[in-house]
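Q: Sharing a model prediction with you, sequence too.
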Amino acid sequence: MKPPPFSYHDPGTVGEVINLLKTLENPKLLAGGQSLMPMLNMRYVMPDNIIDLNKVDGLSYIEENNTGINIGGMTLQRDLEFSDLIKKKCPLMNDALQQVGHRQTRNRGTIGGSLSHLDPAAELPAVCAAHDAVIVLQGPKGEREIPFSDFPIAYMTPATEIDELLTGVKITSWKDGHGYAFIEFARRHGDFAITSAAALLEVDGAGAITRASLTVGGVGAAPVRMNEIEESLIGQSGDEDKFRELCEACREIDALGDVYASSEYRQHLATVMSRRALVKAYARANRKG
Amino acid sequence: MGETRKISLTVNGKSYEEEVEVRFHLADFLRQKLGLTGTHLGCEHGVCGACTILMNGKSVRSCLMLAVQADGQELTTIEGIAPSEDEMHPLQEAFRDNHGLQCGFCTPGMLTTLLEFLEDNPDPSEEEVRIAISGNLCRCTGYQGIVAAALDAAQRLRDAKGV
Amino acid sequence: MSGWKVFGSLEKRLEDPSLLRGVGRFLDDIQVSGMLHAAFVRSPHSHARILHIDSNSALTIEGVRAVYTLDDLRPYLNNKRLVVGLPSPSYKQELDRPALADKEVVYVGEPIAIVVAESRYLAEDAAAIVNIEYEILPAVSDCRLAVEKSSILAHTQSPHNILAQFDMRYGEVESTFDNASYIFKENIWQHRGGSHSIECRGAVSFYEPTEDLVTLYSSTQSAHTAKNILIDMLGFDENKVRVIIPDVGGGFGPKLVFYQEDVSVVLAAMILGKPVKWVEDRREHFISTTQERDQFWEVEIAVDGEGQILGLRGSMVHDHGAYTARGINLAFNSALIVSLPYKVPCYFLEVLLAVTNKVPVTPVRGAGHPQGIFVMERLLDRVARELGIDRAEIRRKNLIKSDQMPFKKELETRGGSPVILDSGDYLSCMEQALEKVGYRDFSVRKEKALKEGKYVGLGFANYVKGTGRGPFETVKVKVGTSGKILVYSGAAAMGQSTRTMLSQIVADFLGGDVENINVITGDSSAVPIGIGGSASRQTVTAGSSALLAAKEVRNKLLKVAATLLEVSEEDLEINGRQINVKGVNEIKMDIGEVAHAVAGTPGYALPPGFEPGMESTKNFIVDDLTFVNGTVAVEV
C-alpha cells in the first residue's frame, strides 16, 4: 500500500495553483490528505501530478463578517474546533467537529478538503447544507460563489470545475441563542457516520419554533435538507412525539444501501437521528432570544 | 527512483537533511531513511493509529502525510519521548505499571496521541480518554489497561506540576 | 528452595522498556545490507483458471529485479505444496496449498507471483502491471451450498467439496429425544472474521554462501514449524536452515500458519543471492491471511419440565475455505467443547467441513471453541425463556458441581486422550460473575433505562476450555561462564510476556535476579525442537520445562560449589550471582566461576563425579489438557 509515482508541486499562491491545474496532466489537489492519502496508498487514485495546497498563502482563516463567518478552504478542522468565533457564530459546526475523525486527522484535515471530497456521510458538508453555506471557487475566470445546495452534483462529486479550487466557505449565522445539534450514529467514535442529522432551531418567547433547518447525512448521495419537516416544525412547541411523527418523513429519502447498512436501516436511523437532533436543539434554544 | 526532493527537518531534537522520493509517505521516511523504526505501520490508510507522531506538538498520522510535507517541521516520535536513557516519561511509566501494552505494536501511536491529549486536557474523565484513543486500535489488551495508564499518567503529570 | 518469591510477584514486565521506548525489533524493523523488497501478485477472482502470465512489462521498470511464478520456483522445490494439516482419520481429500498458484486460483488474494524490486514502492508498481489472462470459473462461497451433491466445485479437480466429515456421539440419543418432555431447536450462524493483529505478517530471508545457511526471519508463532516445512519443501539439511522470530505484534492464530509467501521469499532470496523482505500490508491481510468460520449449526436440546438437560443433538457445517492451512481442528474443537461445563447425558453432532472459494480458515482467537460455547449458551437461554426459568437458575441446575470432580466426559481430545475435568467450582465462578455484574438488580436497571429511552441487555456465558496443549516445549537453562543465566526455548512470544514468565520461574531457583537472565525464544537454533505459541500452552509446557531445568541446574551449581568451597551443599544458598554459605558472606563464589569449573580446560580433569556443562535441557511431557473454566458477563 504505497502511493504510485507522481510529480509533486507545492505552489505558494492561488494563481499558481490555477495555472498548474490548467497546464498539468492528470493533476490532483492535496489539502489535508486525510482522504486523499489513503486513496493514494491504496492506489484508488493514480494522479500524474500532486498539487499540495499547504503552502498556498491566504487560505487559512476564520473571519467574522456582517452576517456570519468566512472560512478559508485550507483552514484546519482542528483550528475550527478550537475557534471561539465558530463556537459563537456557528455552534453546530463545533458540535459536528467533535465527531469528525479523530484528533490526529483533525490536526491535518481541512474544511475545503472535506467539502471537496464530499463523502455523503461527512459532517462538514452536512453543516454547510444546514446553514445554506456559500462555497467560493476560484478558477481562470476569477472567483464565483455557489450556494451549497448546488454544490454536490452527484455522489462524491462537487460542482468544482477541473481548473477550479475551493478557496472559501461563507456561513450565515443564525440568531444568537438559536438551538443546534449534530447527532450521528457510527460504529466507532470518529468513523464516518452511518447516518447523521443536523438541526438548527429558533424559538420565540412562548417556546414556539419560528425557524428550522434539518439535514440528514449519510443516507442520500449528498446531505439532504428535509424541507417538508422544516415547514411543519414552524409553530411547534418541542413536543417529542410530534418530532417523532414529523421525522417519519425521513423514510422517504432516496437512500444508499451498502455492505454496512441497508437503505431501509439508514432511513430508519434518519428518523431516529433527526428526532434526537431536534430534541437536543430545542432544549438548547434560548427562548428569550 | 522517481522524483526526489531534498528536505530538512528536526526529529526528536536532531536536525536532518535528506533526499527523499516525493511519493514516500512520512512513516516510511522516518523508518527507512532515518532508521527510527519505533513508529509502526499497521494499516497505511489512517485507521489503526500505530504510526501517529507529533508534528510541532500536534498528533498526526505519518502514513497520511508525504515526507516532503514535513520539510521544515519539528517532529517527535516514540524514540523522543523519554527524557533520557535511564529515565522514562511518566506516561511510559504509567503504561508499564498499568499493563497498558502486551505486544507493543500499537504503543507508539497510543503514547504520542496521549501526549498531545494530556497536554490539552490534564484532568480527563475516562470517557474523554476513550474518545481520545478512539483512533488507535489495540488488539491485545481490550483497552482497559491503556485507559487506566492514561488516567494514571494524567495524575502523575499533575502531581509533577504540583496541580 | 523455600517457596516462590519472584514468580507471581513481579509487577513490571521485562518486555516493556524497549517497547515503550520504540526500540523493540519487529519484523519490518530488520534492515539487511543490500536488501530487496517483495510484493505479490494476487488473484482478483475467487475461482479462475490461469491461462497466461506476462511479466515482461513489469520487468522493464528500473529497479525491478525479478518476477517469479510457480514455474520459476519449481526447480527448487522437493514438494510444491505446503503440507501442514494436523492428522485426522476424517479427511475425505487432501487440499494443500501450492507454493504459488498452480494453473487454478481458488480464492481472492491467493498469491500467484512474487515481484522483487529495490523498494516496496517499485515492487507494487511492477505487481500492478503483471498481466494475467484468466478464464473465470464459477465459485462457491456458501458452505451450506458447497456440501450439496449438485454444488459447483471449488477446485475443478476435486470429486466434491467435502474436506472432512466426522461425528461426535455418546449416550442414548434417539430414545432420550423420543421420550423428552421438551425439545427446542436453534439454527445458529457464526460468521467469518479475521484476526487483524496490528502488525501484519512478514518475512525477511537471506542466504549466506560461506555457511551455506538460509535464514528466515518471520513474524510467526512457531519457528520450528516454519523450519520443518522449509526442510520438507526445499530438501535442506537440518543444519542449513534457521528461523528466527523477532518481536511479534500480535499473533492471534493466523501467524501459527506457514504461508506461501514465506517459502516464496526464501526462494527469491536464494535465487537472487540477495536478502529479500516482504511485509504484508493491511489490504493483503484482509484477503490472504487465514480467517475463521463460517459455521452453520442446527441443534436441538432435550430437557425435562424442570429444565434439566437430557441431551443435545444436531449438525454443523463448517466453512474450511479453499485449502487446508491447519486441519480439522476448528470444527473438532467446536464440537468437543459444546457440553463441557454441564451435565449432558447424551450428545450427537454430525460435522461436515466444506471446501469453498474463500480464504482458508485456521485458529483465530479461540480456535473454534467460542463457537461451541455460544451454541450451548444460546440453547440454555432458549430453554430458560420457554420454560419460564431464570437464566442463572437453569445453569445452576445443570453445571457440573465441584464435589463431582474429577468428572470424566465421554469424549476424547483430538489426540485420543480422555476428557477429564480435573477440578473446578463452576457454580461458584458463575455466582461471583453474576454478583459482579449486578445480575440480581438487573431488572430494576433495565426498567429504569427503558423509561429514559434506553435499551439495556445483560448476557452471560459459562465455558470450560482445554488449554496447555502438549506434548512438550523444550527449555534449556544454562549458567554461562560470564555468570549470566541463559534460558532457551522453542516457545514463541507475541505479547504474552513469555520472557517475564520464564525469567520469574527460573529466577526463583537461580538467585532471584530477573535482570541477570537472558531469555531466547523463537529461534530454531536455540533448541533443536519446538512447537510454539498457541492454545494457551506455553506457561504450562515451557514454564514447567523451565522449572525442571532450573531445578537441575541449581542442584548442580550447589554440588559443584560445595566441592570447590569444601563445604556441605546443604549449607549453601544462591543470592543473585553469588553462592555463599548461609549467613557467611565471606565464603562465596560467583555462579560464573562455578560454571567455569565444569566448562572444561584442555588436559585437566573435571571436578570428580561431574558431567561437563552447567546446563540442563528438559521436556515436561503432557498429553492431558488443563481444563480452565470461566464465566463472562456483560451489560450493554
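A: All right, it came through fine.

Q: pretty sure residue A:278 is touching residue A:214, no?
A: Yes: under the criterion of C-beta atoms under 8 Å, residue A:278 is in contact with residue A:214, at a separation of 6.9 Å. Heads up, the C-betas are built off the backbone N, CA and C, glycines and all.

Q: list the residues that contact both of these two?
A: Counting by C-beta atoms under 8 Å, 6 or more residues apart in numbering or on different chains, the residues touching both residue A:278 and residue A:214 are A:199, A:233.

Q: Residue C:499 falls within a helix, correct?
A: Yes: residue assignment for residue C:499, taken from DSSP: H, G, I helix; E, B strand; the rest coil, places it within a helix.

Q: How many residues are close by the residue nearest to it when sequence neighbours are not counted?
A: Using C-beta to C-beta, 6 or more residues apart in numbering or on different chains and skipping the chain neighbours, the partner closest in space to residue C:499 is residue C:519 (4.3 Å). Residue C:519 is surrounded by 24 other residues when neighbours are defined as other C-beta atoms under 10 Å in any protein chain shown.

Q: In contact with residue C:519: list those residues for me.
A: By C-beta under 8 Å, 6+ apart, the contact list for residue C:519 reads C:487, C:489, C:498-499, C:502-503.

Q: For residue C:486, see how far away it is.
A: Applying C-beta to C-beta, to the nearest Å, the value for residue C:519 to residue C:486 is 8 Å.

Q: same question, residue C:529
A: Looking at residue C:529 against residue C:486, where the rule is C-beta to C-beta, the gap reads 18 Å.

Q: Just the element for residue A:69, please.
A: Counting by DSSP states H and E, the element that carries residue A:69 is strand A:68-72.

Q: Show me how far whatever helix or strand comes next after that strand is from its chain's centre.
A: For strand A:68-72, the following helix or strand on the C-terminal side (DSSP H and E) is helix A:77-81. Distance of helix A:77-81 from the chain centroid (C-alpha atoms, centre = their mean, to the nearest Å) equals 13 Å.

Q: And for stretch A:149-159?
A: Computed by C-alpha atoms, centre = their mean, the separation of stretch A:149-159 from the middle of its chain amounts to 12 Å.

Q: go on, stretch C:325-345?
A: When distances are taken as C-alpha atoms, centre = their mean, stretch C:325-345 is centred 17 Å away from the chain's centroid.

Q: okay, how far is it across it, tip to tip?
A: Across its full length, stretch C:325-345 reaches 35 Å end to end, with C-alpha to C-alpha, to the nearest Å as the criterion.

Q: need the residues of chain B near chain A, please.
A: B:2-3, B:5, B:22-23, B:25, B:28, B:44-46, B:49, B:52, B:55, B:58-61, B:63-66, B:68-69, B:113, B:116-117, B:130-132, B:134-135 (C-beta under 8 Å from any C-beta of the partner chain).

Q: Now cross-check those residues against chain C and list the overlap.
A: Checking the residues of chain B next to chain A against chain C by C-beta under 8 Å from any C-beta, the ones in range are B:2, B:23, B:44-45.

Q: How is the chain partitioned into domains?
A: Using chain A here. For chain A, the domain assignment from automatic domain parsing gives the residue ranges A:7-52, A:62-172, A:179-284.

Q: hm, I was asking about chain B
A: As given by automatic domain parsing, the domain ranges for chain B are B:4-80, B:90-161.

Q: Show me what the mean pLDDT comes to for the first one.
A: The one in question is domain B:4-80. Averaged over domain B:4-80, pLDDT sits at 98.

Q: Pull the distance from it to the chain's centre.
A: When C-alpha coordinates are averaged (C-alpha atoms, centre = their mean), domain B:4-80 and its chain have centres 10 Å apart.

Q: for stretch C:136-145, same thing?
A: Distance of stretch C:136-145 from the chain centroid (C-alpha atoms, centre = their mean) equals 29 Å.

Q: What of stretch C:233-240?
A: Offset of stretch C:233-240 from its chain centre (C-alpha atoms, centre = their mean): 24 Å.

Q: What of stretch C:53-62?
A: For stretch C:53-62, the gap between its own C-alpha mean and the chain's C-alpha mean amounts to 39 Å (C-alpha atoms, centre = their mean).

Q: Could you give me the buried positions within that stretch?
A: By neighbour count with 16 or more other C-beta atoms under 10 Å in any protein chain shown, stretch C:53-62 contains the buried residues C:53, C:55, C:58-59, C:61.

Q: same check, this time on stretch C:161-174
A: For stretch C:161-174, the neighbour count (16+ other C-beta under 10 Å) marks C:161-166, C:168, C:170-171, C:173 as buried.

Q: With stretch A:185-194 instead?
A: Using 16+ other C-beta under 10 Å as the test for burial, stretch A:185-194 gives A:185-186, A:189-194.

Q: follow-up on the earlier one: from the residues of chain B next to chain A, list the buried ones, please.
A: Neighbour counting with 16+ other C-beta under 10 Å marks B:2, B:5, B:22-23, B:25, B:28, B:44-46, B:49, B:52, B:55, B:58-61, B:63-66, B:68-69, B:113, B:116-117, B:131-132, B:134-135 as buried within the residues of chain B next to chain A.

Q: In helices only, show me the residues you listed.
A: Filtering those for membership in helices, criterion DSSP state H, returns B:28, B:113, B:116-117, B:131-132.

Q: and residue B:18, what are its bridge partners?
A: With DSSP bridges applied, residue B:18 shows beta-bridge pairing to residue B:7.

Q: Leaving out sequence neighbours, find the closest residue to the residue in the stretch 1-150 of chain C positioned nearest to chain A.
A: When C-beta to the nearest C-beta is the measure, the stretch 1-150 of chain C has its nearest residue to chain A at residue C:121, with 4.4 Å between them. Distance criterion C-beta to C-beta, 6+ apart; nearest residue to residue C:121, sequence neighbours excluded, is residue A:2 at 4.4 Å.

Q: and residue 48, what is it in contact with?
A: Since no chain was named, I'll use chain A. Applying C-beta under 8 Å, 6+ apart as the definition, the contact partners of residue A:48 turn out to be A:6-7, A:24-27.

Q: Chain C was what I was after
A: Contacts of residue C:48 were listed using C-beta under 8 Å, 6+ apart, and they are C:104-105, C:134-137.

Q: Which one of the buried residues of stretch C:53-62 is nearest to residue C:257?
A: Within these, the smallest distance to residue C:257 is 25.6 Å, found for residue C:53 (C-beta to C-beta).

Q: Sort out which residues of the helix or strand containing residue C:551 are buried, please.
A: Applying DSSP H and E as the criterion places residue C:551 in helix C:538-565. Buried residues in helix C:538-565, counting neighbours by 16+ other C-beta under 10 Å, are found at C:538-554, C:556-563, C:565.

Q: of those residues, list those near chain A.
A: With C-beta under 8 Å from any C-beta as the criterion, the buried residues of helix C:538-565 include none near chain A.

Q: which residues sit against stretch C:510-517?
A: Stretch C:510-517 has contacts (C-beta under 8 Å, 6+ apart) with C:5-6, C:10, C:14, C:477, C:479, C:483-487, C:500, C:502-504, C:506-507, C:550, C:553-554, C:557, C:574-578, C:591.

Q: low pLDDT regions in chain A?
A: Screening chain A residue by residue with the criterion pLDDT under 70, one finds the ranges A:288-289.

Q: Verify the stated contact: residue A:145 with residue A:138.
A: No: shown here, residue A:145 and residue A:138 do not form a contact pair, counting by C-beta under 8 Å, at 10.4 Å.

Q: List the buried residues of stretch A:272-280.
A: A:272-280.

Q: Send me it as PDB with only the CA atoms.
A: Below are the C-alpha coordinates for stretch A:272-280, written out as PDB (Å, rounded to 0.1, in the frame of the first residue of the first chain):
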ATOM      1  CA  VAL A 272     -34.100   8.500  15.000                       C
ATOM      2  CA  MET A 273     -31.100  10.800  14.500                       C
ATOM      3  CA  SER A 274     -33.400  13.600  13.200                       C
ATOM      4  CA  ARG A 275     -35.700  13.300  16.200                       C
ATOM      5  CA  ARG A 276     -32.800  13.300  18.600                       C
ATOM      6  CA  ALA A 277     -31.200  16.300  16.900                       C
ATOM      7  CA  LEU A 278     -34.400  18.200  17.100                       C
ATOM      8  CA  VAL A 279     -35.000  17.400  20.800                       C
ATOM      9  CA  LYS A 280     -31.400  18.400  21.600                       C
END
